[in-house]
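Enquirer: The sequence and its predicted three-dimensional model are supplied below.
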Amino acid sequence: MLIGLIGAMDVEIEGLKAVMENKTSEVISSVEYCRGFIRGKECIAAVAGVGKVNAAVCAQTMILKYSPDIIINIGVAGGLAPELGTGDIAVADSVVEHDVDTTPTGEPPGYISGLERVYIECSKSLADRLYNAASEIEGLMVCRGVIASGDQFIASTEQRNRIIDSFGAIAAEMEGASIGHVCAMSDVPFGVIRSISDGANGESPVSFLEFTELAAKNSISIILKLLED
Ligand code: ADE
């Protein structure tokens, strides 16, 4: 069993690399893939870079080169569900590419050509395990639902409301759905877990800088819990 772990930024993955044993690494197309054991489980971890293209390249390379049995996307997100505060956790049941728009040709918002759907389902058993691991950490609210991805940092009420109204999303980030898209194309079970760094609103630029480190640590703690089980 090989577990793929993908984050967009160093801070989202470095805490996992730090505890990886028997580590080997290889750079492919400017991305470093670190393979080793975390809490006794074999993992391959990578920092993809921010945004959907970086994430897709990383996930596809990981699949072709290492054949992970599952891929988990971890990191931080802007919270959309009202009950999610800074540091709290969003677990995806499904993901959506909120910036895909072929509505002038009659498709619904977010419709993904090739997959022929809007929402990409996560592995239910993996989402259950991520939810259970997150629920074990005291003091954190954990929500499950749709996580929306797009090549935009969401920092206004208009953007925020559009994503909630169109897709019913609980959190917004910039990679999860593109990793889900790549995984769906190759039938690789995937999951997304994100900790909230900001409210995807006008305060986000400041909140993101202040809380990303704390939020990234929370999502890493959940992965460590999952790997311990
Ligand atoms: N990641 C963390 N906060 C975000 C936001 N507000 N928009 C998009 N991605 C994010």
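Expert: It's in.
Enquirer: Are we agreed that Glu210 is in a helix?
Expert: Yes - assessed with DSSP: H, G, I helix; E, B strand; the rest coil, Glu210 lies in a helix.
Enquirer: how many neighbours does it have?
Expert: 14 (other Cβ atoms under 10 Å). (C-beta placed from N, C-alpha, C; glycine too.)
Enquirer: Now do the strands in this protein.
Expert: 3-7, 21-28, 31-38, 41-47, 70-79, 89-97, 119-121, 142-149, 169-173, 190-198 (DSSP state E).
Enquirer: Taking this structure, what residue is nearest to the ligand?
Expert: The shortest separation between the chain and the ligand is 2.8 Å, found at Gly78 (distances taken as Cβ to the nearest ligand atom).
Enquirer: Quick one: neighbours of that residue, just the number.
Expert: For Gly78, the neighbour count with other Cβ under 10 Å is 28.
Enquirer: Looking at strand pairing, list the partners for it.
Expert: Using DSSP bridges, the beta-bridge partners of Gly78 come out as Ala172, Asp198.
Enquirer: For it, give me its contacts.
Expert: By Cβ atoms under 8 Å, 6 or more residues apart in numbering, the contact set of Gly78 is 153-154, 160, 171-173, 196-201, 204, 208.
Enquirer: so how far is Asn201 from it?
Expert: Separation of Gly78 from Asn201 (Cβ to Cβ, to the nearest Å): 8 Å.
Enquirer: what sits in contact with each of the two?
Expert: Taking Cβ under 8 Å, 6+ apart as the criterion, Gly78 and Asn201 both touch 154, 160.
Enquirer: tell me which parts of the chain are close to the ligand?
Expert: Counting by Cβ under 6 Å from any ligand atom, the chain comes close to the ligand at 76-78, 153-155, 172-174, 197-198, 200, 204, 208.
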